[in-house]
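1. What would the 3D arrangement of this be:
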Amino acid sequence: LQHSWSQIFTGETITLRCEIQGGEGKVWKYEWTAPNTNSPPTSSEYRISRVSVSHSGDYRCRGSSDYLLTGWSDAFRLTVSFPSKPTVTLQPSWTQIYSGETVTVRCEIQGGEGAQWTYEWRAAKLNTPPTSNEYRIIRATESDSGGYSCRGRRDYFFSEWSDIITLTVSYKPKAKLRADNTAVPVGGSVTLTCSVNPSSSSGWKYYWYRDEKSSEALTTQDAVFHSNGQISVSQEGLYRCRGGRGNPVYYTKDSQSVRIGKTVTASNRPVVTLYPNWSEIYRGETITVRCEIHGGDTEWDYEWETNSMIKAPNQSEYRIRSASSSNSGNYRCKGRMKSSQHETTEWSDSVTLTVSDKTVCKNKEGERKKENQRGEETVRRGGREKKTNKQKKKKKKNSWVTCMEKKTEETANNKEQHNNRKKKAPSQ
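-> Residues are numbered from 1 along each chain as shown. Below is the predicted model of the structure:
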């Protein structure tokens, strides 16, 4: 078999040759036995153009010269198969490639490993495509993004084009650092998590650093390393991280820095209070949310955390002059020493503020009515309280009509007026 190819594909041209050792000086006539043919050649070469699967089988030959006839040759088995469609792969096989990384685009023809292929490529950026089965992109850029496909060629035979694989090269990513707490509790630790977006990108290892000027990555002596890009630290400082993958290692941009402080003693734990401390606040009222830290004469900066729609300022008091439902939520606070910003208190317990959309009922002097547990009524006026017994309340009932009572009374009056007008109307 000419070319001695181990595998023959449909559409190729092949030549089988019959050779008689020691018969070089004679004129030979050749006979062939072959599948799928009624008129085999009589020469020493059997040429098949555009071979098909039906040409598969055993081929034999023999020669005759004058009155001399050789025996039949051993059978040569020809196997013709359909070529596999090429496949383009990426190495490494990451779904997301970033600018500056190295990636290899590879063309693979299954079953054609022993064949001597020349490859053709279709690619957006390739002005002079390679003829090998690999295309190596060193320091990829956004312009390398696009579709890549390939096919194989052997003599005059061409395989199909592969399906297109799309390479997407994005800008260099920035790592993201998150801390479950920004202060190390007494005798405890803080967990830091480093990640690279999008989360579908893979193959990352994470490198951790403390303090801005440090280029030395943290080791197991500095932190406890967990899986999934997490570490636990018990030392205060300014932490940052970055991701790396590949060989040579490709690094992301550094994350934003997160300052981890030290928690001061438990005796300085703050308390959140509401003033006035009513169980329900009505729309339009004024309320003050206060953060109090007892013990010592330390000066503090304050930090608030709330799930309300309106965020509290970083002061010891948050005065809400006209409350609305947007102010409803849980409030907690902590303090940070002005003299040492690394040292903070623990978070206070949360206090829930509920602002009702109902309108508060007031008397003509603008006083709010509230009844205490003893059944006595408390009237707040200018910060002072006065109590009236139930008997006095009955005498002043008309001046303390509730909103619902007023609404019911107005509805009844309107109905009565309507009926009176109906009675006075002349009959038709």
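2. Skipping adjacent residues, who's closest to Pro35 in space?
-> Once flanking residues are discounted, Pro35 sits nearest to Gly57: 3.3 Å by Cβ to Cβ, 6 or more residues apart in numbering. Any C-beta I mention is one placed from the backbone N, CA and C, and that applies to glycine too.
3. Give the burial count for that neighbour, as a bare number.
-> 16 (other Cβ atoms under 10 Å).
4. For this protein, list the residue farthest from the centre, please.
-> Tyr67 (84.2 Å; Cα atoms, centre = their mean).
5. residues touching it, list them.
-> Applying Cβ atoms under 8 Å, 6 or more residues apart in numbering to Tyr67 gives no contacts.
6. how close does it sit to Trp32?
-> 21 Å (Cβ to Cβ, to the nearest Å).
7. what does Asn277 give?
-> 109 Å.
8. quick one: which of these two has more around it?
-> Using other Cβ under 10 Å as the criterion, Asn277 and Trp32 rank with Trp32 on top: 19 against 8.
9. Tell me if that one really is in a helix.
-> No. Counting by DSSP: H, G, I helix; E, B strand; the rest coil, Trp32 is not part of a helix but strand.
10. can I assume it is in contact with Arg47?
-> No. The pair Trp32 and Arg47 does not pass the contact test of Cβ atoms under 8 Å, sitting 11.4 Å apart.
11. any residues in contact with both of the two?
-> Shared contacts of Trp32 and Arg47, defined by Cβ under 8 Å, 6+ apart, comprise Pro41.
12. can you give me the helices for this structure?
-> In the chain, helices defined by DSSP state H lie at 390-395, 403-424, listed in chain order.
13. pLDDT at Met337, what is it?
-> pLDDT for Met337: 81.
14. Please apply the same query to Trp161.
-> Value listed for Trp161 in the pLDDT field: 93.
15. about what we covered before: could you list every residue that touches the residue nearest to Pro35?
-> For Gly57, the contact set (Cβ under 8 Å, 6+ apart) comprises 34-36, 77-78.
16. Buried only: go through these for me.
-> Buried members of the contacts of Gly57, scored by 16 or more other Cβ atoms under 10 Å, are 34, 78.
17. Taking the contacts of Gly57, tell me the two that lie furthest apart.
-> Spanning the widest gap among the contacts of Gly57 are Asn36 and Arg77, at 14.1 Å by Cβ to Cβ.
18. is the nearest residue to Trp117 once chain neighbours are set aside in a bridge, and if so with what?
-> In this structure, Trp117 finds its nearest non-sequential neighbour in Gly152, 4.1 Å apart by Cβ to Cβ, 6+ apart. On the basis of DSSP bridges, Gly152 is bridged to Tyr119.
19. From what I see, Gly152 and Gln110 are in contact.
-> No. When contacts are counted by Cβ under 8 Å, Gly152 is not listed as touching Gln110 (11.1 Å).
20. which one of these two has more residues nearby?
-> Taking neighbours as other Cβ under 10 Å, Gly152 and Gln110 compare with Gly152 leading, 24 against 10.
21. Next up, the contacts around that one.
-> 83, 86, 107, 109, 112, 115, 117-120, 158-159.
22. Can you tell me which member of these has the lowest pLDDT score?
-> Gly112 (62).
23. got a pLDDT number for the residue nearest to Pro35?
-> Looking at Gly57, its pLDDT reads 90.
24. ok, so what distance separates it from Ser73?
-> Distance from Gly57 to Ser73, by Cβ to Cβ: 15 Å.
25. Report the contact partners of the residue nearest to Glu216 when sequence neighbours are not counted.
-> Spatial nearest neighbour of Glu216, excluding adjacent residues (Cβ to Cβ, 6+ apart): Tyr209 at 7.4 Å. Counting by Cβ under 8 Å, 6+ apart, Tyr209 makes contact with 215-218, 239-242, 254.
26. out of those, which is most surrounded?
-> Going by other Cβ under 10 Å, Cys241 tops the contacts of Tyr209 with 27 neighbours.
27. just for the stretch 1-150 of the chain, where's the confidence low?
-> Counting by pLDDT under 70, the low-confidence segments of the stretch 1-150 of the chain come to 2-6, 111-115, 124, 126-129.
28. which residues in it form strands?
-> 8-9, 14-17, 29-33, 45-48, 57-65, 68-69, 76-78, 80-81, 87-91, 97-98, 103-108, 118-123, 134-137, 146-154 (DSSP state E, counting those that start in this stretch).
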